[in-house]
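Q: coords please:
(one chain, ligands or ions: 2)
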Amino acid sequence: MASFDTELDTARRIARQAGDILLKIYATDFSVQDKAGGMGPVTEADERANEFIVGELRKAFPSDGVVAEESDNSADGKRFERCWYVDPLDGTQEFVNRNGEFAIHVGLAVAGKPAVGVVYRPVGNKLYTGVVGQGAFLEDDGGRRALRVSDVAEPSELRLVVSRSHRSKLTDAVAKRLGITRERESGSVGLKCGLLAEATADVYIHTSGKSYRWDNCAPEAVLRAAGGILTDLGGTPYSYDGAELQNHRGLLACNAAAFSRVQPVVAEFARESGIVR
Ligand SMILES: Nc1ncnc2c1ncn2[C@@H]1O[C@H](COP(=O)(O)O)[C@@H](OP(=O)(O)O)[C@H]1O
Ligand SMILES: [Mg+2]
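A: Ligands and ions are numbered 1, 2, ... in the order given. You can find the predicted model right below:
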């Protein structure tokens, strides 16, 4: 099995340095623009961190592809066996709202599958890492510890985590059908998957078709490395081979113990709403 030590060390360093870039801008009176195509807000922080991360990855791994949210290089996933997926600021709305719930994602997919992931939350200094098949870790001010998803299997006992800024009625309906009563909100796909990896939440449902592979590549690597599962709402894993970047069929992240009971219920609602066929 490939070790990926160099990839992980490099991604970790780059994510921390990008975190410093974000925090410097976070402390200023930054301005916010609307991205074309209804793709949400964008700030100078997204753009500066994007430029830094892409530049560093290209220097360190010149023969890999790099797909990043604020770059125009969407074909790389198709052209390269190894491709990095970068979200320089996941949770831009939370950055704008100044609640700290935003993260940097640096993920590496090999042959279309997530292999290495770093999700860094600069506010609070929490760094999640994962190498699929080789374990996930959390590094914070308390040190470094191994992560493992929860083993809660009973749907009504699951702790759900949902988007703070992009809630949906469909998620509420699925949660009701499953009998879920415990729920929390968090910004950022990566931070929500981090909460699952830490075993402080058990399931995450994202019903919009408006997220992209840079939202889920690094988070999926961390989650899978911690023993969890991430698929579309129909239960099929996304591939990171560049053929498609948009996650049209939503996202379901879950611990392994509850997945087989949760997924059919989620799929039924998703089919009724036309999100999956
Ligand atoms: N309903 C929706 N409409 C548009 N974008 C959405 C969305 N739900 C989630 N997203 C995207 O998914 C990411 C995480 O959202 P959230 O923090 O709400 O979980 C955000 O990425 P960015 O912040 O990188 O643009 C956001 O753009
Ligand atoms: Mg994002």
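
Q: how's the chain carved up into domains?
A: 5-147, 155-272 (automatic domain parsing).

Q: residues from the stretch 51-200 of the chain in reach of ligand 2?
A: Selection of the stretch 51-200 of the chain residues close to ligand 2 by CB under 5 Å from the ion yields 87, 90. No exception for glycine: its C-beta is placed from N, CA and C like everyone else's.

Q: Residue numbers of the stretch 51-200 of the chain in contact with ligand 1?
A: Of all the residues in the stretch 51-200 of the chain, those in contact range of ligand 1 (CB under 6 Å from any ligand atom) are 69, 87, 89-92, 94, 163, 165-166, 187-189.

Q: Restricted to strands, list the residues you listed.
A: Here DSSP state E is the test, and those give 87, 89-90, 163 as lying in strands.

Q: neighbour-wise, which of the residues you listed leads?
A: Neighbour counts for these, by other CB atoms under 10 Å, peak at residue 87, which reaches 33 neighbours.

Q: That one bridge partners, please.
A: residue 105 (DSSP bridges).

Q: For it, give me its contacts.
A: 68-69, 103-105, 190, 214-215, 218 (CB atoms under 8 Å, 6 or more residues apart in numbering).

Q: Closest one to residue 226 out of the ones in strands among the residues of the stretch 51-200 of the chain next to ligand 1, please.
A: Using CB to CB, residue 90 is the member of these that lies nearest residue 226, at 18.2 Å.

Q: Low-confidence stretches in this protein?
A: Of all residues in the chain, none has pLDDT under 70.

Q: quick revisit: go through the domains of the chain and pick out the most buried.
A: domain 155-272 (a mean of 21; mean count of other CB atoms under 10 Å).

Q: ends of it, how far apart?
A: One end of domain 155-272 sits 21 Å from the other (CA to CA, to the nearest Å).

Q: Distance of residue 181 relative to residue 157?
A: 9 Å (CB to CB, to the nearest Å).

Q: that older thread, of all the ones in strands among the residues of the stretch 51-200 of the chain next to ligand 1, which two lie farthest apart?
A: For those, the farthest-apart pair by CB to CB is 89 and 163; their separation is 15.4 Å.

Q: any idea which helix or strand carries residue 242?
A: For residue 242, there is no enclosing helix or strand under DSSP states H and E.

Q: Sorry, slip of the keys, the one I care about is residue 204.
A: Counting by DSSP H and E, residue 204 is found in strand 203-206.

Q: For that strand, which strands pair with it and how are they oriented?
A: strand 159-163 (parallel), strand 251-254 (antiparallel).

Q: Tell me which of those lies nearest to residue 7.
A: The nearest among the strands paired with strand 203-206, by CB to CB, is strand 251-254 at 22.6 Å.

Q: Can you tell me what sits against the closest one?
A: 189, 192-193, 196, 202-206, 211, 215-216, 219-220, 223, 228-233, 235, 262-263, 266.
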